[in-house]
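Trainee: from the sequence below, what's the structure:
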Amino acid sequence: IEGLTLWVTRDAGMTWTPAPGVHPGGSPIHFEATDDGEYGFRIVARDAVGRAQPVPQPGEPAEISCVIDTTPPQLAVLSPHSGDRIYAGSRVVIRWEASDRALAEAPVSIEARRSSEDPWSSIDPDTHHKAAGAIQWWPPFAAGAFQPRVTAEDAAGNRRSWTPTRPLEIVPFDGFPEFE
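Mentor: Residues are numbered from 1 along each chain as shown. Presented below is the predicted three-dimensional model:
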């Protein structure tokens, strides 16, 4: 084998283009993807006298395919809001929506911490949740600030996290006002 040409498809074999350069025989063949998406490949060998295998034709399937994914999921946290104040003993409703073309099976995790020096801890025994949902959580603190964090992860391991720009605050509950 004198050289190898790598052919690339981005549309499941409907069209084929040669990758730049002819590679010397043997492996590895290097290819750098220009964007995220699905790539299919075929290798065409050429011998020392110039004879080569036929180039792939429109409609022929790829020999090898892969998906390049470097984009983190989209994540919207609908509640709580930055700086919310919660009465001690009250619940916090955390509501989210995550999307991606290839989300992991249970892509969302939810954690909290008291201050930026503290480690993150899971707030729910079900450590991973569906792409859209809500949980109710009763913070175990009597007073003070805390930060929740919601993280979405796709099948490629790309992550996007949300934390409020200002911590949430638990305020003491002094009872109901008296009415006369």
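Trainee: tell me which element the nearest residue to residue 68 once chain neighbours are set aside falls in.
Mentor: In space, and not counting its chain neighbours, residue 68 is closest to residue 33: 4.5 Å by Cβ to Cβ, 6 or more residues apart in numbering. (C-beta placed from N, C-alpha, C; glycine too.) Under the criterion DSSP states H and E, no helix or strand holds residue 33.
Trainee: can you check residue 152 too?
Mentor: Per DSSP H and E: strand 144-154 holds residue 152.
Trainee: and that strand, what's buried?
Mentor: By 16 or more other Cβ atoms under 10 Å, the buried positions in strand 144-154 come out as 146, 147, 148, 149, 150, 151, 152, 153, 154.
Trainee: how about the contacts made by the second one?
Mentor: Read that as residue 147. Listed by Cβ atoms under 8 Å, 6 or more residues apart in numbering, the contact set of residue 147 reads 112, 113, 114, 115, 116, 163, 164, 167, 168.
Trainee: so the helix or strand containing the first one versus strand 144-154, what angle?
Mentor: For residue 112, the enclosing helix or strand under DSSP H and E is strand 103-113. Following axes from the mean of the first three to the mean of the last three Cα atoms, to 10 degrees, one obtains 170 degrees for the angle between strand 103-113 and strand 144-154.
Trainee: C-alpha coordinates for strand 103-113, CSV please?
Mentor: Extracted in CSV, the C-alpha atoms of strand 103-113 (Å, rounded to 0.1, in the frame of the first residue of the first chain):
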residue,chain,number,x,y,z
LEU,A,103,-28.6,13.8,26.9
ALA,A,104,-27.4,11.1,29.4
GLU,A,105,-30.2,8.8,30.7
ALA,A,106,-30.7,10.7,33.9
PRO,A,107,-28.8,13.9,33.1
VAL,A,108,-29.6,16.2,36.0
SER,A,109,-28.0,16.3,39.5
ILE,A,110,-28.8,18.7,42.3
GLU,A,111,-26.5,19.7,45.1
ALA,A,112,-26.1,22.5,47.7
ARG,A,113,-23.6,24.0,50.0
